[in-house]
Structure formats: structure tokens, C-alpha cells
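**Q** Here you go, sequence then predicted model.
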Amino acid sequence: MLAAVALLAFSTGMAAGSPAKTKPAAVVPAAPPPEPLPPPKIYLFRGAMGPFFSTGMDRLEEKLTQAGFSANVYEFTICRWIGDRAISSYKEAPAPIVLIGHSMGGLCSVVISEMAAKENIPISLVITIDPAHATGDVPLNVERFINIFLSDSVLGGGNVVAAPGYRGHYASYDLKENSRVSHINIEKSDDIHRQIIDMVTQLPRIQPHVDALPLRYLVPGDTLVELWDSGVRLQVRRGDTMESIAAANRVPLWSLAQSNSLPENTPLTPGQSIIVPRHLAPPPEPAAAMVTPPAGRR
């Protein structure tokens with residue numbers, strides 16, 4: 001009898017000291033990768049007397065088509081009709097919409113954006129090239145807006161601003177100091193065409209930036225414009241200068257000075273906030289954390 005009780009006690013103690021068996025954790029299937037965006041549909045618009053004075057839009061259409069995109073150029077006079085077609089096409093098969101216009105065609109691009117906003121349809125990219133003065137504000141459904149203009153132009157000169165509450169990417173470039181640029185040749189720039197094609201190509205891969213900051217530039221007269229889409233805020237580190245931050249971010253010193261309304265030789269304080277133009281393909285390392293030897297003005 002005593003032996004049985006001892007054996008029972010020993011067995012109970014062993015059970016209490018043994019780890020409990022656990023069920024294997026359920027395997028949670030990995031989320032499928034997001035579906036790739038379909039290629040954008042690109043609508044280009046000439047200005048008044050477009051076949052004579054907006055021929056650069058036809059060249060841009062050819063280059064985009066050669067790059068494999070669906071691109072078509074239209075007269076601004078059929079703006080709303082094309083807008084209705086673009087909206088119907090999006091409803092049937094959603095794809096990013098890109099609108100590019102010169103002069104009155106720039107105004108048309110904003111008008112179509114407003115039409116799409118009423119249908120809750122996003123516009124991925126709008127580029128206006130010296131749009132008409134009467135061009136309206138950028139509506140809230142536009143994800144990325146770029147204006148390249150001549151503020152002293154009589155035929156164009158539209159200094160387009162974003163509507164209150166706009167949270168997208170915005171950049172404005174005034175080229176009035178470039179004596180080689182005029183209203184009737186600004187849309188023919190091969191360099192601008194190349195950058196537009198690069199931007200459209202990268203659209204599916206561009207990561208949106210939550211705290212995108214608007215950029216407004218008066219571009220120096222001897223400078224080729226670089227189409228940044230917005231600015232980002234960086235913290236100054238010990239040893240940083242305006243020149244070193246510009247060099248580390250691969251942007252010209254004048255752009256950093258204008259972004260922050262500071263002279264180019266302004267001393268910086270650690271912890272200070274600086275706005276830097278955002279490359280669509282950003283540098284591989286946080287630029288403000290990189291201290292580089294001062295570079296000359298670019």
C-alpha cells in the first residue's frame with residue numbers, strides 16, 4: 001500500500017515538472033504581392049493654333065509612343081469631349097491617367113482633372129507647359145503636378161497654384177530668366193521631353209511621400225531645369241553646410257537656397273530643418289547624415 005502511494009506521488013511530480021506539449025503555430029499565408037499597375041494612358045494637348053505653334057507636343061507624343069506608351073495628342077478645343085472619353089475609359093479599365101498640355105492645352109489638363117475629381121477618379125500626373133493665365137488651381141485628386149512656365153509670358157504665364165488642402169506632389173518652375181526660352185519653343189525642349197518620359201516610365205515604381213513639400217523655383221537663366229516633383233524635409237547634422245547637403249543630395253546649391261529662402265552661404269545649426277528637392281529615384285543613403293567636403297556651386 002505504501003509503495004503504491006509513493007509511486008503515485010512520484011508520477012504526479014514528474015507530470016507537474018514536465019513541460020506541456022504545445023500545438024504547432026498555424027502558418028499564416030504570406031500576403032500576395034500587389035498587382036502591378038497597368039501602363040498609364042497619356043493625353044497630350046496643344047495650345048491655340050496648335051498644329052503651327054505647339055508642334056513640340058506632337059514630337060513628345062511620338063517619343064512616348066516609341067517608348068511603348070499609349071499616348072495621343074489633341075486640340076484643346078475638344079477638351080471636355082476628350083475628358084469624358086478619358087473618364088469612361090478609366091471606369092471600364094482603371095489605369096493611371098497622365099495629362100500634359102501646352103498653353104491652352106495646359107488649361108485643358110487642369111479642366112479634365114476637375115472633371116475627374118467630380119467622379120472621384122485620381123489623376124496620376126499633370127504637367128502644364130506655360131499654361132494660359134486663366135488656368136485654375138490644381139484639384140485635390142491630382143497625385144503629382146508640375147508646372148513649367150514663363151511668368152512674364154503674355155500668351156502663357158499661368159502661375160498655377162494648388163487648391164487649399166492639396167496633399168499631393170507639387171513643383172513649379174519659372175524659366176523667365178532664360179532668354180533662349182519663349183512661349184512658342186518651351187514645349188519643344190528635348191531635355192524636358194526626356195525627363196517627362198523618364199517620369200512616366202517610373203510612375204509605377206515611385207514611392208509616394210507622405211510629407212511631400214511644395215517646390216517653387218525661379219530657375220537661373222543659364223541652367224537646365226531638373227523636374228523634381230516635390231521636396232522632403234531633412235535634419236541638419238553636425239558638420240553639414242548648404243554646399244555639403246546639396247552635393248550629398250545631388251542637387252544644385254541654388255535649389256537648396258531657394259527651397260529654404262536662405263543665402264547659399266548660410267551657416268547651419270545641428271537639428272535645423274532643411275527642405276531638399278526630391279529625386280524620383282532618391283539617393284541610396286539619407287543625405288543629411290552624410291558629411292561631405294564642400295563642393296563648388298553646380
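**A** That came through fine.

**Q** and residue 195, how many residues sit next to it?
**A** 20 (other CB atoms under 10 Å). From N, CA and C alone the C-beta is placed, and that goes for glycine too.

**Q** Three-state assignment for it, please.
**A** Here residue 195 is recorded as helix under DSSP: H, G, I helix; E, B strand; the rest coil.

**Q** Next up, the contacts around it.
**A** For residue 195, the contacting residues are 226-227, by CB atoms under 8 Å, 6 or more residues apart in numbering.

**Q** 7 Å - rerun?
**A** Residue 195 makes contact with residue 227 under the criterion CB atoms under 7 Å, 6 or more residues apart in numbering.

**Q** Pull up the gap between it and residue 173, please.
**A** Distance, residue 195 to residue 173, by CB to CB, to the nearest Å: 11 Å.

**Q** Ok, residue 279 next?
**A** Taken as CB to CB, the span from residue 279 to residue 173 is 15 Å.

**Q** The two - which one has more neighbours?
**A** Neighbour tally, residue 279 and residue 173, criterion other CB under 10 Å: the higher count belongs to residue 173, 19 against 15.

**Q** which residues touch the host helix or strand of the more buried one?
**A** Using DSSP states H and E, residue 173 falls within strand 169-174. Contact partners of strand 169-174, identified using CB under 7 Å, 6+ apart, comprise 138, 143-149, 151, 162, 212, 214-219, 225, 228-230.

**Q** Give the pairing partners of that strand; include direction for each.
**A** Strand 169-174 sits in its sheet next to strand 144-149 (parallel), strand 215-218 (parallel), going by DSSP bridges.

**Q** With residue 79 as the reference, name the closest of the ones you listed.
**A** Between residue 79 and the strands paired with strand 169-174, the shortest separation by CB to CB is 17.5 Å, and it involves strand 144-149.

**Q** Report the helix or strand with the lowest average pLDDT across the chain.
**A** The helix or strand of the chain with the lowest confidence, counting by mean pLDDT, DSSP states H and E, is helix 2-17 at a mean of 44.

**Q** pLDDT below threshold where in this protein?
**A** 1-36, 207-210, 281-298 (pLDDT under 70).

**Q** Show me the domain layout of it.
**A** 41-229, 232-289 (automatic domain parsing).

**Q** Please identify the deepest-packed of these.
**A** domain 41-229 (a mean of 19; mean count of other CB atoms under 10 Å).

**Q** All the strands of the stretch 1-150 of the chain, residue numbers only.
**A** 41-46, 70-75, 97-102, 125-129, 144-149 (DSSP state E, counting those that start in this stretch).
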